[in-house]
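Chemist: pasting the structure only:
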């Protein structure tokens, strides 16, 4: 029954096949247990805690339910509503009693060009019991979003399941990435749609919002805009890095319900008030950070291809461009140039002389950009592995309490833990070593969702004996089974699929961080921190950065450009 409340199709199939008598007994049993623990909104305002400042309102929400060890629910929530600008409002809801994972924007000065407005002029209204709110556009007096009682809205806050349901006044919605679809408008041809958001190595599946979800691509972009009847747009960013489904349900008439179903973190929602699409996007980028300025040459003509077998072949490609008088500014190199597909290396046989070739390109005012993958080769004799191990710079396994081992192009691989400062130092050393061999002009970062050819983690024969898959090898907070059974699976799929183990853990400085600094929370953020470290390599050497990433998250554009990943040349 609980699964039905949270959108599972499996239970619906089960209920369709059991006999009516059994169904009646189940119905009676759950009615006796009312109220249902997954009811739409059990929260109410503790009026004694309400503090209304000029630009920020704060309050505590209590839960009507009784605390239950079997259903870990947030019993006391802290809520902050604040005006960031006359056109931007933040709604934030957190656990008042315990530390939870919370995303911090990569932008060091979020909203620096904003001009704050008094909360009393922001059109924000709320009700006490059940707690709900609506936002009325001060200019037009139109309600642009509501969660008030009487609408099909929801507010659920469990340890590993959060749901926020809102009613918007129109059906035309755009955004929610990363997706591949010929339909720019969301849910254009369906009555209800599910869009999964969680960075995933998935080669461009077409996503029409089918109910099963799970067709997301490389990036994690929980931002969307809804067009009003006036032609203006409103924007909504739900800043949460955990796996989530966004469900769009069209109602009779014009309105549409939008449900955010997340498996961790907090509610941190930014509403962008009505304006033109350009104006809403400008306010959005003022919050998350404006895109970096790439070098002029990066706007020229580029040539890239996976599968170039050797340097002779590459030279021939460039020569044919010149002979055919076809413009060419930049030559790219996929993993073919590496020795055994290991980062920061050059194959001395197939690509011997690469450094001299790139000097020749430079003499013709051309540039060269190599690929670098996320995983470093797992080899106890490898320089970068040894340095990383010595400084604790890799993501750790909850099974072994040692470095987590995955698998990508070089075979077994390990992955920098960007919360450990030495990881950026190690990255800089590796890029510096490569630069001494060949003077590259930019860096193409790939496989950084992070992608993994094993589901969770994999180990060679020597390491397998150290695994104890059935139970924890130590006390919490590093329990290998912590995420084995979730109340909800975005995309109807194990989150470990083609990813690092969700129980993998990162550096922490205290017990509170120890509980939340896990791959379960950080997975979709890995790309941002890698892009920042790569960008910084160029900045430290007083060069204008050019970085191209496959995965992305709000704010990654501060450090990198974005490519669309693998695709099929079917046209």
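Modeler: Yes, it's here. Small disclaimer: the values here were computed from a predicted structure and weren't measured.
Chemist: Show me the shaky parts of the protein.
Modeler: Applying pLDDT under 70 to the chain flags the ranges 1-39, 459-478, 569-571.
Chemist: Could you point out the longest helix of it?
Modeler: Looking only at the chain and at elements set by DSSP state H, the helix with the highest residue count is helix 421-437.
Chemist: Adjacent strands (with direction) for the strand or helix carrying residue 260?
Modeler: Assigned by DSSP states H and E, residue 260 belongs to strand 256-262. Sheet pairing of strand 256-262 (DSSP bridges) gives strand 162-168 (antiparallel), strand 244-250 (antiparallel).
Chemist: I'd like the next helix or strand past it.
Modeler: Towards the C-terminus, the helix or strand next in line after strand 256-262, according to DSSP H and E, is strand 267-275.
Chemist: Just give me how far the helix or strand that comes right after that next one sits from the chain centre.
Modeler: Towards the C-terminus, the helix or strand next in line after strand 267-275, according to DSSP H and E, is helix 277-288. Using Cα atoms, centre = their mean, to the nearest Å, the distance from the centre of helix 277-288 to the centre of the chain it belongs to is 19 Å.
Chemist: what packs against the helix or strand following helix 277-288?
Modeler: Following the chain from helix 277-288 toward its C-terminal end, the next helix or strand by DSSP H and E is strand 302-303. For strand 302-303, the packing partners by 3 or more Cβ pairs under 8 Å, 6 or more residues apart in numbering; DSSP states H and E come out as helix 311-323, strand 330-333. Using the backbone N, CA and C atoms, a C-beta is placed for each residue, glycine as well.
Chemist: Dump the ones you listed to CSV, plus distance to residue 128 and mean neighbour count.
Modeler: Compiled in CSV, the helices and strands packed on strand 302-303 are given as follows (distance: least, Cβ to Cβ, whole Å; neighbours: other Cβ atoms under 10 Å):
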stretch, distance to residue 128, mean neighbour count
helix 311-323, 68, 14
strand 330-333, 59, 22
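Chemist: Just the buried positions in the helix or strand that residue 83 is a member of, please.
Modeler: Under the criterion of DSSP H and E, residue 83 resides in strand 76-85. With burial defined by 16 or more other Cβ atoms under 10 Å, the residues of strand 76-85 counted as buried are 77, 78, 79, 81, 82, 83, 84, 85.
Chemist: so can I have JSON lines of those residues showing distance to residue 285?
Modeler: Rendered in JSON lines, the data for the buried residues of strand 76-85 read as follows (distance: Cβ to Cβ, whole Å):
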{"residue": "77", "distance to residue 285": "30"}
{"residue": "78", "distance to residue 285": "28"}
{"residue": "79", "distance to residue 285": "26"}
{"residue": "81", "distance to residue 285": "23"}
{"residue": "82", "distance to residue 285": "20"}
{"residue": "83", "distance to residue 285": "19"}
{"residue": "84", "distance to residue 285": "14"}
{"residue": "85", "distance to residue 285": "13"}
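Chemist: Quick check: the farthest pair among those?
Modeler: Of all pairs drawn from these, the widest gap by Cβ to Cβ lies between 77 and 85 and measures 25.1 Å.
Chemist: one step back: just send the helices and strands packed on strand 302-303 back as CSV, with distance to residue 380 too.
Modeler: Below are the helices and strands packed on strand 302-303 laid out as CSV (distance: least, Cβ to Cβ, whole Å):
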stretch, distance to residue 380
helix 311-323, 30
strand 330-333, 28
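Chemist: Residue 408: which of these is closest?
Modeler: Each of these was scored for nearness to residue 408 using Cβ to Cβ, and the closest is strand 330-333 (17.3 Å).
Chemist: Okay, angle between whatever helix or strand comes next after that closest one and helix 421-437 too, please.
Modeler: Scanning forward in sequence from strand 330-333 by DSSP H and E, the next helix or strand is helix 354-363. Our comparison of helix 354-363 with helix 421-437, counting by axes from the mean of the first three to the mean of the last three Cα atoms, to 10 degrees, yields an angle of 80 degrees.
Chemist: Now do the buried residues in helix 354-363.
Modeler: In helix 354-363, residues buried by neighbour count (16+ other Cβ under 10 Å) are 354, 357, 358, 361.
Chemist: Remind me what the strand holding residue 83 packs against, helices and strands.
Modeler: Applying 3+ Cβ pairs under 8 Å, 6+ apart, one finds that strand 76-85 makes contact with strand 56-63, strand 88-95.
Chemist: Just name the most buried of these.
Modeler: Highest mean neighbour count among the helices and strands packed on strand 76-85 (mean count of other Cβ atoms under 10 Å): strand 88-95, with a mean of 20.
Chemist: and the residue nearest to residue 121 when sequence neighbours are not counted, how many residues sit next to it?
Modeler: Once flanking residues are discounted, residue 121 sits nearest to residue 138: 6.0 Å by Cβ to Cβ, 6 or more residues apart in numbering. Residue 138: 16 surrounding residues under other Cβ atoms under 10 Å.
Chemist: Checking my notes, residue 138 in a helix, right?
Modeler: No - counting by DSSP: H, G, I helix; E, B strand; the rest coil, residue 138 is located in no helix; its state is coil.
Chemist: Where do the strands of the stretch 1-150 of the chain begin and end?
Modeler: Along the stretch 1-150 of the chain, counting by DSSP state E, counting those that start in this stretch, strands occupy 43-52, 56-63, 76-85, 88-95, 124-127, 132-136, 143-146.
Chemist: Could you dump those strands into TSV with distance to residue 300 added?
Modeler: As requested, the strands of the stretch 1-150 of the chain are arranged in TSV below (distance: least, Cβ to Cβ, whole Å):
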stretch	distance to residue 300
strand 43-52	55
strand 56-63	48
strand 76-85	37
strand 88-95	37
strand 124-127	48
strand 132-136	45
strand 143-146	43
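Chemist: Residue 484: which of these is closest?
Modeler: Checking those against residue 484 by Cβ to Cβ gives strand 88-95 as the closest, at 22.5 Å.
Chemist: and that closest one, what does it pack onto?
Modeler: Contacting strand 88-95 under the criterion 3+ Cβ pairs under 8 Å, 6+ apart are the following elements: strand 76-85, strand 267-275.
Chemist: what's in contact with that strand?
Modeler: 61, 74, 76-84, 100, 102, 111, 114, 122, 124, 133, 135, 157, 266-273, 283, 287 (Cβ atoms under 8 Å, 6 or more residues apart in numbering).
Chemist: Starting from it, tell me which strands it pairs with and how they run.
Modeler: strand 76-85 (antiparallel), strand 267-275 (antiparallel).
Chemist: Mind putting these into TSV with distance to residue 529?
Modeler: Output for the strands paired with strand 88-95, formatted as TSV (distance: least, Cβ to Cβ, whole Å):
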stretch	distance to residue 529
strand 76-85	25
strand 267-275	19
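Chemist: Indicate which one of those is closest to residue 318.
Modeler: Closest of the strands paired with strand 88-95 to residue 318 is strand 267-275, at 46.3 Å (criterion: Cβ to Cβ).
Chemist: re the thing from before, list of residues touching the longest helix of the chain?
Modeler: Among residues not part of helix 421-437, those counted as contacts by Cβ under 8 Å, 6+ apart are 343-346, 354-355, 370, 372, 376, 384, 387-388, 391-394, 416-418, 440, 443, 530, 532-534, 536-537, 540.
Chemist: What residues sit buried inside the helix or strand just after that helix?
Modeler: Once helix 421-437 ends, the next helix or strand along the chain (criterion: DSSP H and E) is strand 443-446. Neighbour counts over strand 443-446 (16+ other Cβ under 10 Å) mark 443, 444, 445, 446 as buried.
Chemist: Among the contacts of helix 421-437, name the ones in strands.
Modeler: 370, 372, 376, 443 (DSSP state E).
Chemist: In contact with the last one, which residues?
Modeler: Taking Cβ under 8 Å, 6+ apart, we find residue 443 in contact with 369, 370, 372, 431, 534, 537, 546, 547, 548.
Chemist: Right, I'll leave it there.
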